[in-house]
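Engineer: Sequence below, structure please.
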Amino acid sequence: MKPLATDRESVFSAAVELRRRLHAHPETAFEEVATAGAVAERMRARGFAVRTGLGRTGVSALYDTGVDGPTVLLRADLDALPVAEETGLPYAAGNGNMHACGHDGHVAALDAAADLLLLDPPRRGRVVFAFQPAEEGAGGAKAMIADGVLDPEPDVAFGVHLWTALPLGVVGVTPGPMMAAVDEFRIDISGPGGHAASPHEARDAIVAAAQVITALQTVVSRRLSPLQPAVVSVTSVHGGSAFNVLPGSVVLTGTCRAFDKEAYDRLPTLVEATAMAAAATLGCEAKVNYKRSNEALINDAGEASRCWGLAERLLGPGRVTRDCRTMGGEDFAEFLTRVPGAFAFVGAARPEEGLGPAHHSPTFDFDERAMATAARLHEAVARDVLAQGKVLPI
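Structural biologist: Now for the predicted structure:
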């Protein structure tokens with residue numbers, strides 16, 4: 001086995017080149033064929049045992065030192081979003097999709113970490129480099145796990161996310177819940193439509209939808225404890241086709257988010273009961289389709305502490321923060337429900353621009369120097385796990 005780069009400096013220049021190549025050709029969930037192919041080719045060139053087609057388009061590469069020891073899984077996500085790019089970058093995508101959340105940087109950073117490890121090979125254990133498809137709400141983690149990415153069984157799993165809500169040179173990691181569980185819902189509201197001039201002869205699904213939207217705002221404010229952070233958001237409303245017709249149906253879609261398991265367990269029933277009752281007051285019917293995406297991302301306390309210490313060693317005291325929890329979701333949670341581990345944010349905002357631009361924005365971009373931090377953090381965690389094994393709870 002051998003690295004593709006000859007020294008650490010060339011590792012990071014290669015990461016920039018790879019990131020820009022991937023950025024120009026983004027592929028959405030379960031369509032990451034070219035992206036996965038590029039990753040697999042580089043991993044095979046290093047001499048790793050490579051598996052493809054995990055979770056349809058995922059890739060794993062096994063670095064086995066040949067000496068018995070711990071196994072650590074490092075993960076990056078492959079997929080882009082169906083967003084038309086507006087960055088004006090010379091390597092901007094032109095196919096209607098976009099790496100608008102930094103996944104291109106995640107892939108490049110994990111690829112770089114492979115070379116960093118090979119430049120000074122560990123003496124024992126195994127590293128699994130997992131390149132996951134379909135993180136953006138399509139269930140890629142579950143699909144990859146179902147196809148055996150956790151064989152060999154890792155002792156520790158670790159992942160990072162480039163994060164423009166943190167400045168360059170800062171890492172965010174916290175023990176316990178760090179990112180929220182993600183649910184989706186669709187509410188179909190129906191009632192006998194009619195002429196807009198005679199609303200008393202019909203049942204107004206538009207007004208019923210408005211009542212449902214308003215009532216759903218009380219789920220968090222009045223039905224859950226204020227000590228249990230949660231979000232219920234209606235994100236689309238579709239109904240009606242003419243100015244003088246009361247439609248017979250309106251469709252609402254939205255999302256729920258929560259950290260706390262009790263709130264997570266209660267949300268489906270609360271949303272359904274609230275929507276049905278609010279619609280019934282207007283003589284309409286509400287049918288709720290509630291879908292779970294992934295649970296809250298919960299860092300193992302010991303592994304979060306490991307990451308914190310290593311990040312401070314890399315960046316210096318005062319450069320790591322616990323103030324980084326978000327109601328955004330991440331299906332790396334699926335790995336952490338099965339394997340002790342941690343997930344960290346790597347600050348990627350350009351110092352001259354302040355924080356932002358927002359993730360999932362058509363103008364999203366990040367400071368490419370953050371990829372070096374992410375790669376070094378992957379490397380540091382892998383080396384520490386291979387040397388010490390998983391951190392036992394105190």
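
Engineer: in stretch 286-293, what counts as buried?
Structural biologist: Neighbour-count burial for stretch 286-293 flags 286, 288, 290, 293 (criterion: 16 or more other Cβ atoms under 10 Å). Quick note: C-beta positions are derived from backbone N, CA and C, even for glycine.

Engineer: from the residues you listed, which single one is nearest Thr174?
Structural biologist: Nearest to Thr174 among these, counting by Cβ to Cβ, is Ser293 at 21.5 Å.

Engineer: residues contacting that closest one?
Structural biologist: By Cβ atoms under 8 Å, 6 or more residues apart in numbering, the residues touching Ser293 are 137, 139, 181-184, 329, 331.

Engineer: of the buried residues of stretch 286-293, closest to Val11?
Structural biologist: Of the buried residues of stretch 286-293, the one sitting nearest to Val11 (Cβ to Cβ) turns out to be Ser293, at 34.7 Å.

Engineer: Can you tell me how far the closest one is from Ala138?
Structural biologist: Here the distance between Ser293 and Ala138 works out to 9 Å (Cβ to Cβ, to the nearest Å).

Engineer: Give me the domain ranges for this structure.
Structural biologist: The chain breaks down into these domains under automatic domain parsing: 8-177+296-388, 181-294.

Engineer: so how far is the first residue of the shortest one from its last?
Structural biologist: End-to-end distance for domain 181-294, by Cα to Cα, to the nearest Å: 6 Å.

Engineer: quick one: average pLDDT of it?
Structural biologist: For domain 181-294, the mean pLDDT works out to 96.

Engineer: how about the buried residues of stretch 286-293 in TSV, adding secondary structure and distance to Ser198?
Structural biologist: Shown next, in TSV, are the buried residues of stretch 286-293 (DSSP: H, G, I helix; E, B strand; the rest coil; distance: Cβ to Cβ, whole Å):
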residue	secondary structure	distance to Ser198
Ala286	strand	23
Val288	strand	29
Tyr290	strand	35
Ser293	strand	42
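
Engineer: Of those, just say which sits nearest to Val149.
Structural biologist: Val149 has its nearest neighbour among those in Ser293, at 18.9 Å by Cβ to Cβ.

Engineer: Give me the buried subset of the contacts of Ser293.
Structural biologist: Looks like the contacts of Ser293 have 137, 139, 181-183, 329, 331 buried, using 16+ other Cβ under 10 Å.

Engineer: now for the residues you listed, which pair is the farthest apart?
Structural biologist: Farthest pair in those, by Cβ to Cβ: Gly139 and Ala181, 13.9 Å.

Engineer: Looking at the buried residues of stretch 286-293, which is nearest Ala49?
Structural biologist: Ser293 (31.4 Å).

Engineer: what's the closest of the domains of the chain to Lys2?
Structural biologist: Nearest of the domains of the chain (Cβ to Cβ): domain 8-177+296-388, 6.3 Å.

Engineer: How about the contacts made by Tyr63?
Structural biologist: 1, 46, 48, 114, 117-118, 126-129.

Engineer: contacting residues around Pro167?
Structural biologist: Contacts of Pro167 (Cβ under 8 Å, 6+ apart): 347, 349, 351, 355.

Engineer: repeat that for 10 Å
Structural biologist: 319, 347-351, 354-355, 367, 370 (Cβ atoms under 10 Å, 6 or more residues apart in numbering).

Engineer: Out of these, which end up buried?
Structural biologist: Using 16+ other Cβ under 10 Å, the buried ones in the contacts of Pro167 are 347-350, 367, 370.

Engineer: Pick out whichever of these sits closest to His195.
Structural biologist: Checking the buried ones among the contacts of Pro167 against His195 with Cβ to Cβ, the nearest one is Ala349 at 54.5 Å.

Engineer: what bridges to that closest one?
Structural biologist: Pro167 (DSSP bridges).

Engineer: That one contacts His359, correct?
Structural biologist: No. Ala349 is beyond contact range of His359, at 11.2 Å (criterion: Cβ atoms under 10 Å).

Engineer: Might you list the low-confidence residue ranges for the protein?
Structural biologist: 392-394 (pLDDT under 70).

Engineer: how about the strands in the stretch 151-300 of the chain?
Structural biologist: Under the criterion DSSP state E, counting those that start in this stretch, the stretch 151-300 of the chain contains strands at 156-167, 171-172, 176-179, 181-190, 194-195, 230-239, 245-246, 249-258, 285-294, 297-299.

Engineer: Mind putting those into TSV with distance to Arg338?
Structural biologist: Formatted as TSV, the strands of the stretch 151-300 of the chain follow (distance: least, Cβ to Cβ, whole Å):
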stretch	distance to Arg338
strand 156-167	8
strand 171-172	23
strand 176-179	17
strand 181-190	16
strand 194-195	53
strand 230-239	25
strand 245-246	50
strand 249-258	20
strand 285-294	12
strand 297-299	12
